[in-house]
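**Student:** Quick one, structure for this:
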Amino acid sequence: MSEKTLDNNELDDIVGDSDVGGRKPQDPFGKAVLWYLPLIWAVYQLWIASPLPYMIGVGVLNDTQTRSIHLGFAVILAFLAFPAFKSSPRLHIRKITWLIAIVGAVAASYLWWDYRGIANRTGAPNMTDLVIAGIGIVLLLEAARRSLGFPLMGVALFFLAYVFFGSWSGLPEIVQWKGASFEKAMSHMWLTSEGVFGVALGVSSGFVFLFVLFGSLLNQAGAGNYFLQLAFASLGHLRGGPAKAAVIASAATGLVSGSSIANVVTTGTFTIPLMKKVGFPATKAGAIEVSSSINGVLTPPVMGAVAFLMTEYVGISYVEVVKTAIIPAAISYIALVYIVHLEALKMGMTTTSTTHPVKIILAAILIIALSIIFFGGSLYLAGLAVGALGAAVGGLSIWIILGLMLIGYIAAVRFAAKGPDLDMSLDAIENLPPTKEIFKTGIHYLMPIMLLMYLLMVERKSPGLSAFWSTIFMLFILLTQNPLKAYFRGQTDIVRHVKEGLVDISEGMIAGARNMIGLAAAMGVAGIIVGAVTLTGIGQVMAEFVEFLSGGNLLAMLFFVALISIVLGMGLPTTANYIVVSSLMAGVVVELGAQNGLIVPLIAVHMFVFYFGIMADVTPPVGLASFAAAAISKGDPLKTGFQAFFYSIRTALLPFLFIFNTDLLLINVGPIQAIFVFVFALIAMLLFAAGTMNYFVIKSKIWESAALLFAAFMLFQPGFFLNQLAPEFETRPGNTVIEMATEANSDSSLRVRLLGEDLYGEKIDARYLLPMGPKGESGETRLLDEAGISLRNEQGTFYVDDISFGGPSESLGIDFDWEVVELEVATDRPPKELFYIPALLLVMGVIALQVRRRRKLELVTTEVSA
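**Tutor:** Next comes the predicted model:
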């Protein structure tokens, strides 16, 4: 009993230190402030996301003001909720802390309460501006240290030092820059939208808070427990069932969770003890939970809020981001289930199921496919129905839709009320009712998730507005689900359940706001780093540094970018992690790839650095998720981290694959081809898992594992082998560019090689993809309208004459006066998919040999037993 109490205390400390703050004041005033202030923050965020301010003309704020208030709440709560040091008091707040917290909030919200004055002084800050900016930077860094630890603060201090002291003669000449004055740096970092109050904080204020709040309310309503028990009921009876259930449960909670650490603690409390109980060592039990939780952050629709940042940074729609992320996330999760299955086989675990493992995997794939088809089809049909209803009854349609949703919700709650509520305990997880009994208790939890997906993907509403209406639905569910269940069960204490619903709403909103403290502070500090990058031009330095390390070799360059992304991501929360690594490394991959003849879509580059930034949560010595899992499993944190990294090698492999094969991201891929890509990418990933685990039908010999890995590579990269036999492109002279642009197919791209100099006088020889849009216009018009570039003809040679501001060509880094050297067009050659045939034949050969060897082993075992 004492061990269990100790575990719970440790988990409370982990959650407190990493997410909501470990301070629990006992005095009435301190307790009230830490209750009401997060609640007010949540109400404020709902207010600015709603259409009400614009309807009544009250409380309308611009983006800069909302970001400033958002950061003000985060800073004051960071000081009040998070103790400065481990030795600092937890049960009361010191007077000096109150003073610093208030000063920090005033500085952080400066752009709100003196917005007009700052706007009038743009470019010429006064002494007050500079003093408040300096204080604000210092206290923001301290707020981030308290809520997130030293790593993010340390990275920001490094970049600030480079801003001020980059001209020091002791630095290598290649990284030196002229340096900035205090006035220039503070103006750039604090008084404009280039630094702290830039895109990252705007996404935090406009989108991320609402999604975190939605997830918190969903969990408060009981959806987290529902998903967990559903996973255990479905998979718990299989070989290594608790581990497989951990993978699925983490996928479900990861859909709305923005923190891999929170994911570990939430599901790991149940999954890790059960994994240990069926025979998994503490290290492997913790590592499986870590790998599952990391993948939850990589899985749409939220991706730790990175999905919404990508829409801003890459300039594509949210639907496009989800489309690019879905296949890598799905095959990575299925592969992890398979890895868990292989581990169970290697350890000789038994099962109460008579189903063959291959059938289980095929069933899992079928369930995932049918789920995608069902939910996708439901959203599509709902869109058609809403459109038809709107055309028939006009403005009345919204009331009819709300009425139908209400009827559906009441019916779902009535269905749930027929059985008992789910018990949230370890004993309950071990003795679960049938899957269908659990499923019916939480159908109404799926409705707000479906509403969120409908608004985002069918109506194409903004993420903020979509999350707002979904959150309002969740508030309604929290208020009404228990009173409705009581009514349907014939109970009389409905008023008590209404009061409990109000308490649940307030607790869920407070938990959501406190979960945002560290994340909002991280967004602000990430803005300092981004501001340093834009002010100093260090991105170019990073490109040269990586190019120097790699010696111009493309694979080596990608390896160093991956390594730097992991190092930069150590100790950083998911979203800040992505902001930092994408700001520094995305441009490096694009630039050096183009110079090596590899044209990589920007979304693929951002996914690449995002994946490796996330790997920092696994990788020792900092891997925070691994430390959280080890605290639950009682295993060694470093061993857990290394084991989790081994399980996550499949995740680390994917970014390299989709850089060279963008089909995996469904870029320019049709529906039929998408299914084809998914099936063969999944087979390849399962073979890769079998090869690295050294186990397939039976324990593999070294050459068999090598054969499986080779077959996996052939399936992932069939184009590599075809390129050895026939070139992928043939060249056309640069003076045919207008003709080629005119004849290019609709929504295709023109692959051009350009020669010129960058702003630093460095020679550029690189290839770029220029989007062409619909066919029908002249080449000049398509280049200008779709690619944002105009060319001039000088004696038969074409040069870049103008670049549209904010257009595709500018985002690619193309500059004035660059020469169009040549164009590359695809050659007429056999389909690369032909190489799937020898790969599959190789796999079938390995299977035949291993099946024969297993039969011989079973025969020998039978004879010995006899």
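**Student:** which residues are contacting whatever helix or strand Val737 lives in?
**Tutor:** Applying DSSP states H and E as the criterion places Val737 in helix 737-743. For helix 737-743, the external contacting residues (Cβ atoms under 8 Å, 6 or more residues apart in numbering) are 732, 750, 752, 770, 772, 778-780, 782-783, 791, 798, 820, 823, 825. Yep, even glycine has a C-beta here, placed from its N, CA and C like the rest.
**Student:** redo that, cut-off 7 Å
**Tutor:** 732, 750, 752, 772, 778-780, 782-783, 791, 798, 820, 823 (Cβ atoms under 7 Å, 6 or more residues apart in numbering).
**Student:** and the residue nearest to Ala185 when sequence neighbours are not counted, how far is that from Gly531?
**Tutor:** By the measure of Cβ to Cβ, 6 or more residues apart in numbering, the closest residue to Ala185 outside its immediate chain neighbours is Val163, 5.3 Å from it. Val163 is 8 Å from Gly531, where distance means Cβ to Cβ, to the nearest Å.
**Student:** which of those two has more neighbours?
**Tutor:** Neighbour count, other Cβ atoms under 10 Å: between Val163 and Gly531, Gly531 has more, with 26 against 23.
**Student:** what residues are up against the more buried one?
**Tutor:** Taking Cβ under 7 Å, 6+ apart as the test, what Gly531 contacts is 188-189, 194-195.
**Student:** do the same with Ile316
**Tutor:** Applying Cβ under 7 Å, 6+ apart, we find Ile316 in contact with Ile603.
**Student:** So it lies in a strand, does it not?
**Tutor:** No. Ile316 is assigned coil when assessed by DSSP: H, G, I helix; E, B strand; the rest coil, not a strand.
**Student:** coming back round to it: Ala101 versus the residue nearest to Ala185, what's the distance?
**Tutor:** 27 Å.
**Student:** Just the pLDDT for the residue lying closest to Leu654 once chain neighbours are set aside.
**Tutor:** Leaving aside its chain neighbours, Leu654 sits nearest to Pro328 (4.8 Å; criterion: Cβ to Cβ, 6+ apart). Predicted confidence (pLDDT) for Pro328: 85.
**Student:** coming back round to it: ok, the residue nearest to Ala185 touching Thr534?
**Tutor:** No. Counting by Cβ atoms under 7 Å, Val163 does not reach Thr534; the two are 10.7 Å apart.
**Student:** Tell me if I am right that Thr283 is in a strand.
**Tutor:** No. The assignment for Thr283 by three-state DSSP gives helix, which leaves it out of any strand.
**Student:** Report how many residues lie close to it.
**Tutor:** 23.
**Student:** surely His444 meets Ala411?
**Tutor:** No. Counting by Cβ under 7 Å, His444 sits too far from Ala411 to count as a contact (8.9 Å).
**Student:** In terms of neighbours, single out the busier of these two.
**Tutor:** His444 (24 against 12).
**Student:** so which strand or helix has that one?
**Tutor:** helix 443-457.
**Student:** Then Met523?
**Tutor:** Using DSSP H and E, Met523 falls in helix 494-536.
**Student:** model confidence over the helix or strand following that helix, on average?
**Tutor:** Later in the chain than helix 494-536, the nearest helix or strand by DSSP H and E is helix 538-550. Averaging pLDDT along helix 538-550 gives 74.
**Student:** Show me what helix 538-550 is packed against.
**Tutor:** helix 554-569, helix 587-595 (3 or more Cβ pairs under 7 Å, 6 or more residues apart in numbering; DSSP states H and E).
**Student:** If we go by neighbour counts, what in it is buried?
**Tutor:** 538-547, 550 (16 or more other Cβ atoms under 10 Å).
**Student:** Ok, stretch 651-668 next?
**Tutor:** Neighbour-count burial for stretch 651-668 [16+ other Cβ under 10 Å]: 651-666.
**Student:** closest to Leu379 among those residues?
**Tutor:** Leu666 (17.4 Å; Cβ to Cβ).
**Student:** which ones are touching that closest one?
**Tutor:** 323-324, 327, 674.
**Student:** Most neighbours out of these, which is it?
**Tutor:** Neighbour max across those (other Cβ under 10 Å) = Thr324, 25 neighbours.
**Student:** Touching, it and Leu665? I think so.
**Tutor:** Yes. At 4.1 Å, Thr324 and Leu665 qualify as touching, with contact defined as Cβ under 7 Å.
**Student:** Between the two, which contacts overlap?
**Tutor:** Joint contacts of Thr324 and Leu665 (Cβ under 7 Å, 6+ apart) are 603, 607.
**Student:** before we move on, back to that, can you pull the contacts of the residue nearest to Ala185?
**Tutor:** With Cβ under 7 Å, 6+ apart, Val163 has these contacts: 180, 185, 532, 535-536.
**Student:** Sticking with it, tell me its helix or strand.
**Tutor:** Counting by DSSP H and E, Val163 is part of helix 150-165.
**Student:** Just want the angle from that helix to helix 538-550.
**Tutor:** Comparing the axes of helix 150-165 and helix 538-550 via axes from the mean of the first three to the mean of the last three Cα atoms, to 10 degrees yields an angle of 110 degrees.
**Student:** Give the buried residues for helix 150-165.
**Tutor:** For helix 150-165, by 16+ other Cβ under 10 Å, it's 151-153, 155-156, 159-160, 162-163.
**Student:** And for stretch 794-807?
**Tutor:** Neighbour-count burial for stretch 794-807 [16+ other Cβ under 10 Å]: 798-800, 803, 807.
**Student:** and Leu46, what does it touch?
**Tutor:** 468, 471.
**Student:** which stretches of the stretch 351-500 of the chain aren't confidently modelled?
**Tutor:** In the predicted model of the stretch 351-500 of the chain, residues 351-373, 424-431 satisfy pLDDT under 70.
**Student:** any chance you could map the helices in it?
**Tutor:** In the stretch 351-500 of the chain, the segments counted as helices under DSSP state H, counting those that start in this stretch are 357-393, 397-417, 426-430, 435-440, 443-457, 463-488, 494-536.
**Student:** Also the stretch 51-200 of the chain?
**Tutor:** Using DSSP H, counting those that start in this stretch, helices in the stretch 51-200 of the chain cover 52-56, 63-81, 95-108, 110-113, 115-120, 127-148, 150-165, 182-190, 199-203.
**Student:** and if you look at the stretch 751-866 of the chain?
**Tutor:** Under DSSP H, counting those that start in this stretch, the stretch 751-866 of the chain gives helices at 779-782, 808-811, 836-865.
**Student:** try the stretch 601-750 of the chain
**Tutor:** Assigned by DSSP H, counting those that start in this stretch, the helices in the stretch 601-750 of the chain fall at 602-614, 624-633, 637-647, 649-660, 671-693, 702-716, 718-725, 737-743.
**Student:** by contact count, what packs against the third one?
**Tutor:** Read it as helix 637-647. Helix 637-647 packs on helix 282-298, helix 624-633, going by 3+ Cβ pairs under 7 Å, 6+ apart.
**Student:** could the ones you listed go into a markdown table alongside mean pLDDT and distance to Gln643?
**Tutor:** Listed next are those as a markdown table, based on pLDDT from 0 to 100; distance: least, Cβ to Cβ, whole Å:
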| stretch | mean pLDDT | distance to Gln643 |
| --- | --- | --- |
| helix 282-298 | 81 | 4 |
| helix 624-633 | 77 | 9 |
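**Student:** Relative to Leu840, tell me which of those helices wins on proximity.
**Tutor:** Using Cβ to Cβ, the nearest of the helices and strands packed on helix 637-647 to Leu840 is helix 282-298, at 26.9 Å.
**Student:** right, and the helix or strand after the helix or strand of the chain with the lowest mean pLDDT?
**Tutor:** Every helix and strand of the chain was ranked by mean pLDDT, DSSP states H and E. The lowest is helix 2-15, at a mean of 47. Toward the C-terminal end, the helix or strand that comes next after helix 2-15 (DSSP H and E) is helix 28-49.
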